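J.: Could you look at this predicted model? Sequence included:
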Amino acid sequence: MNPNTIIIDSRDNVAVALEDISQGSTISLPDGTEFPARSDIGFSHKVLLKDLHQGDDIIKYGEAIAQATMDLKQGEWIHVHNLNVQEDAS
Amino acid sequence: MTELMGYERTDGTFGVRNHVIVVPSVVCVNGVVEAIAREVPGIVPLTHGHGCGRAITDSISHSITLQRLCTHPNVAGALVIGLGCESVKSERIAQESAGTGRVVKTLMVQEDGGSQQTAAKGIEIVKEMLAEAEKIERKPFPIEKLVIGLECGGSDAFSGVTANPGIGRAADRLVDMGASVILTETTEMIGTTHILQRRAANDAVKDKIGEIIGNQEKRTEQVLGKHAKLAISPGNQDGGMSCITEKALGCIAKAGSRPIQQVVEYAEIPTEKGVIIMDGPGFDAESITGLAASGSQIIVFSTGRGTPLGFPIAPVIKVASTNRLYNKMQDDMDINAGIVLEGGSLDDVGNSLFDLIQEVAAGEETKAEINKQNGILALYTQTTSL
């Protein structure tokens, strides 16, 4: 069984979903670790690898891309709804 | 790494191809270039739509770009066809080239008897150049003379997840062995200034990174409006990208993780080795022209939606971000980074790219070369025509 996520850099605290993952189903990492998805996670979207506190950095590509705006749990979908990022340009 | 074999040029560079090119200095003489190409199909015509009618800054930039293409490592001989009254001067291109130790020949339609006679003279010249080029044999060259240009275009949500980080793995291997990689598309670096600056080899490079990205932010603001430079599109968000920094990290991942040694202008030839940044636009066609003009012998180009675009004098290796794209456009794709979606690793992608770069350097044709997807020579242009 292939993993359904990829971790781009070993320092990252998010993985990227390689397929649509529904809430409650299993997230599998390249190293074989598994845990349940706490929300629906669309393909190419981010899923949190470990519990974080409000204000903690979200790390992808080995770099801080944004900070959590609330306490977050492993398996949660990470996107604009829980990050301190600017909204879209439209 | 197998020993690299290339065509040695009089300026000390090595080509992985051995082209004879014919370049118009101005759009008005494209027909002469095409007439020569019809008669001598072995040459590469570099027709374009510029050469006159613009601000001096663009004329200079276009002239430099054409000159650097005439003396590109992959070029064995170059003939520039001028008109006579244009602002990009063929004789200037020849003079600048002579200064680098390369010979570039010129004809001028207003002096050489008009279109047909100029074409006839040109045909004789390029036949001679081709005969000379055939005598050159490949010889071993050190990897320090290898320059790989990096490009992404027609990106999708997986370009920054599979293809670009995979290219980055190959970039690290190449740089560790002494080769150079050129990262460009300054527009797509917006949001990562602090990250790229941390990788700068010295303060001058750090300052230059801040300067070029800052200038690009201003240009983007002028064209697209005040907030565009900091935000991302709804389509990007649907693809899982939450902010401009995350999107840009997906782009700069192509250049791996090694220190940035130098920042050069569009079409400027680096004097340092290792990771180089070339200031330039995000538009693929103009971007890869700049990468070639800066001396890239090979260009690695990732794509998610699937662009077939190549470049006339430098082999372009296409890296597909998904199996779906790779299978849909096998005619155009060289490497499948979509293996990551089926249990493969980014290292696997990097390793197969590293191997293919060696094969392409040795003469294996890329899909874009087989398809002759040469486009038209697109020159970076910042001012309006007058």
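T.: Great, that's in hand.

J.: hey, let's count contacts and neighbours off CA atoms from now on
T.: Will do.

J.: what's the neighbour count on whichever residue of the stretch 101-250 of chain B sits closest to chain A?
T.: Going by Cα to the nearest Cα, chain A is nearest to B:G240 of the stretch 101-250 of chain B, at 4.2 Å. Counted with other Cα atoms under 10 Å in any protein chain shown, the neighbours of B:G240 add up to 25.

J.: and chain B, which residues reach chain A?
T.: Counting by Cα under 8 Å from any Cα of the partner chain, chain B comes close to chain A at B:157-158, B:161, B:165, B:195, B:227-228, B:230-234, B:237, B:239-243, B:245-246, B:249-250, B:253, B:340-343, B:346.

J.: hmm, try it at 7 Å
T.: By the rule Cα under 7 Å from any Cα of the partner chain, the part of chain B lying against chain A is B:157-158, B:161, B:227-228, B:231-234, B:239-240, B:242-243, B:245-246, B:249, B:341-343.

J.: Out of those residues, name the ones that lie in helices.
T.: B:234, B:245-246, B:249 (DSSP state H).

J.: Using a markdown table, please lay out those residues together with distance to B:I60, neighbour count and pLDDT.
T.: Output for those, formatted as a markdown table (distance: Cα to Cα, whole Å; neighbours: other Cα atoms under 10 Å in any protein chain shown; pLDDT from 0 to 100):
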| residue | distance to B:I60 | neighbour count | pLDDT |
| --- | --- | --- | --- |
| B:P234 | 38 | 15 | 85 |
| B:T245 | 33 | 25 | 93 |
| B:E246 | 35 | 22 | 94 |
| B:L249 | 32 | 26 | 97 |
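
J.: Tell me which helix or strand in chain B has the weakest average pLDDT.
T.: helix B:234-238 (a mean of 87; mean pLDDT, DSSP states H and E).

J.: what's the neighbour count on residue 37?
T.: If you meant another chain, say so; for now it's chain A. Applying other Cα under 10 Å, we find 22 residues neighbouring A:A37.

J.: wait, I meant chain B there
T.: 20.

J.: other SSEs contacting the strand or helix carrying it?
T.: Assigned by DSSP states H and E, B:A37 falls within helix B:30-39. Under the contact criterion of 3 or more Cα pairs under 7 Å, 6 or more residues apart in numbering or on different chains; DSSP states H and E, helix B:30-39 touches strand B:19-24, strand B:44-45, helix B:114-135.

J.: now the last one and helix B:30-39, what's the angle there?
T.: Spelled out, that is helix B:114-135. 50 degrees (axes from the mean of the first three to the mean of the last three Cα atoms, to 10 degrees).

J.: centre of the chain versus helix B:114-135, how much separation?
T.: Centroid separation between helix B:114-135 and its chain, computed with Cα atoms, centre = their mean, to the nearest Å, is 26 Å.

J.: can you pull the buried residues of that helix?
T.: B:115, B:118-120, B:122-123, B:125-127, B:129-130, B:133 (16 or more other Cα atoms under 10 Å in any protein chain shown).

J.: any idea how far A:M1 is from B:D207?
T.: The gap separating A:M1 from B:D207 is 48 Å, by Cα to Cα, to the nearest Å.

J.: Ok, B:R54 next?
T.: 30 Å.
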